[in-house]
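[1] Below are the sequence and a predicted model for it; my questions follow.
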Amino acid sequence: MDYIKQIRILKILPCIADAEKIRFHAQLDRDISEILPYLNAILDSGIYNHYGKTLTIKKEGRIITIYSYDIQGAKIDDEEDAVRILEWLKEKINYCYKNKDKIQPNYQRRQSLNPLDIYRLLPGLNCKQCGETTCFSFAIKLSAEETNIMHCGPILSSQYQKRRKILFQLLKSSGYTVPSVFVE
Ligand code: SF4
């Protein structure tokens, strides 16, 4: 028997952050507070608040916040995408419940990194290779997980090996995705 049987979409609205996307509000068929620390343990890049009972995750650019009874999604492609995301989440929630004894719950609240801390470790060339006009704009997007460190070509060169090592360790220890091959 599944822990969660249904996640019902209550509202579909235009996305405030991106005019071409939608956002949604969905309702769970039970209180999942007890499962949130387990979800926080198995999902990457979650920002978890144990006392507020919220877990915010990013999935391929989409922003999803999970509460005890509700789920809010933003930057969602369309209604079909919303249904797909909710089905994926339902599977994860049911998986956590079923495997509670094997998963170490994570009660840690992860904070986003300060863009300045990232900026100080970037090459500072403002070369635009990453698609941003300045290193600082790139740092802002990276701290919000709207881009990937791998888009900065210069940081991968041997010239910046020392900075790269510190930056990648900082990103990794803060829960950001860093390709393991570059974590020296
Ligand atoms: S590619 Fe790297 S060095 Fe160039 S602007 Fe972007 S962040 Fe700065």
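    Good, I have the coordinates.

[2] Would you mind naming what in this structure lies close to the ligand?
    Counting by C-beta under 6 Å from any ligand atom, the residues of the chain close to the ligand are 122-123, 125-130, 132, 135, 138, 152-155. Where C-beta positions appear, they are placed from N, C-alpha and C, glycine not excepted.

[3] From the residues you listed, list the buried ones, please.
    By neighbour count, with 16 or more other C-beta atoms under 10 Å, these hold 122-123, 130, 132, 135, 138, 152, 154-155 as buried.

[4] Just give me the neighbour total for K172.
    15 (other C-beta atoms under 10 Å).

[5] Next: E87.
    E87: 10 neighbours (other C-beta under 10 Å).

[6] helix or strand for it, which one?
    Element membership for E87 (DSSP states H and E) is helix 79-98.

[7] got a list of contacts for that helix?
    Residues from elsewhere that reach helix 79-98 (C-beta atoms under 8 Å, 6 or more residues apart in numbering): 2-4, 7, 9, 12, 22, 24, 26, 32, 35, 38-39, 42-43, 59, 62, 64, 66, 71, 73, 76, 103.

[8] Could you give me the PyMOL syntax to select whichever of the residues you listed are buried?
    In PyMOL syntax, the buried subset of the contacts of helix 79-98 is picked out as below (16+ other C-beta under 10 Å):
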select buried, resi 3+4+7+22+24+26+32+35+38+39+43+59+62+64+66+71+73+76+103
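
[9] Just to be careful, could you list which of the contacts of helix 79-98 are in helices?
    Counting by DSSP state H, the part of these found in helices is 38-39, 42.

[10] how distant is the lowest-mean-pLDDT helix or strand in the chain from the center of its chain?
    Lowest on mean pLDDT, DSSP states H and E among the helices and strands of the chain sits strand 47-49, with a mean of 82. Counting by C-alpha atoms, centre = their mean, to the nearest Å, strand 47-49 is centred 11 Å from the centre of its parent chain.

[11] Would you mark the buried spots in it?
    Buried residues in strand 47-49 (16+ other C-beta under 10 Å): 47-48.

[12] go on, stretch 80-97?
    81-82, 85-86, 89-90, 92-97.

[13] do stretch 15-26 as well
    15, 21-24, 26.

[14] Just the strands from the chain, written as ranges.
    Applying DSSP state E to the chain gives strands spanning 7-14, 22-28, 47-49, 54-59, 62-66, 70-76.

[15] From T65, how far out is the most centrally placed residue in the chain?
    For the chain, K58 is the residue whose C-alpha lies nearest the centre (C-alpha atoms, centre = their mean; 2.8 Å). Computed as C-beta to C-beta, to the nearest Å, the K58 to T65 distance reads 10 Å.
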